[in-house]
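Enquirer: Sequence and predicted structure are below.
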Amino acid sequence: MLAIAPGCEFDVQRGPDWLIVRIKSFDPAGPDSPPLMERIWSLLEQHFTYRVVLELDQVPLLNSALVEQLFLLYRRIQEHDGVMRLCGLSPYNRRVLHACRLDERLPPYRDRQEAVMGRPRQPR
């Protein structure tokens, strides 16, 4: 686990061609705390990749500040011909993403495997 700042912890794993970041806790109101977008961007630069899967299964609520940070990160990654995918969103957070009209740009995947593959797994 990587503690970036008080109130912000990530699990970071490197896979082939992807950086997998599980947001374990995030407090956007932390003192002297850089925005989430800057924290994750820094991780991408450290790992020399612009392909990231964000696992959000431990994020209880996608509030407007967090949605804004995700969108800003998405745009920056797009400017570098990268890919950002989300997975593990709760049904409520999926509805939040849909209400913000971001579910087409950032389609939510069930899990890491689906996100890396870029498509839902088909039942057998």
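Expert: Yes, it's here.
Enquirer: roughly how far apart are the residue nearest in space to the middle of the chain and Pro16?
Expert: Note on the chain: the residue nearest the mean C-alpha position is Leu54, at 2.9 Å, using C-alpha atoms, centre = their mean. The spacing between Leu54 and Pro16, counted by C-beta to C-beta, to the nearest Å, is 18 Å. Backbone N, C-alpha and C define where each C-beta goes, glycine included.
Enquirer: follow-up on the earlier one: following the helix or strand that contains the residue nearest to the centre of the chain, which helix or strand comes up?
Expert: Under the criterion of DSSP states H and E, Leu54 resides in strand 51-55. For strand 51-55, the following helix or strand on the C-terminal side (DSSP H and E) is helix 64-79.
Enquirer: Would you mind listing the buried residues in that following helix?
Expert: Buried residues in helix 64-79, defined by neighbour count with 16 or more other C-beta atoms under 10 Å: 66-67, 69-71, 73-74, 76-77.
Enquirer: could I get those as JSON lines with pLDDT and distance to Leu102?
Expert: Output for these, formatted as JSON lines (pLDDT from 0 to 100; distance: C-beta to C-beta, whole Å):
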{"residue": "Leu66", "pLDDT": "88", "distance to Leu102": "12"}
{"residue": "Val67", "pLDDT": "91", "distance to Leu102": "7"}
{"residue": "Gln69", "pLDDT": "90", "distance to Leu102": "12"}
{"residue": "Leu70", "pLDDT": "93", "distance to Leu102": "8"}
{"residue": "Phe71", "pLDDT": "94", "distance to Leu102": "6"}
{"residue": "Leu73", "pLDDT": "95", "distance to Leu102": "12"}
{"residue": "Tyr74", "pLDDT": "96", "distance to Leu102": "8"}
{"residue": "Arg76", "pLDDT": "96", "distance to Leu102": "15"}
{"residue": "Ile77", "pLDDT": "97", "distance to Leu102": "14"}
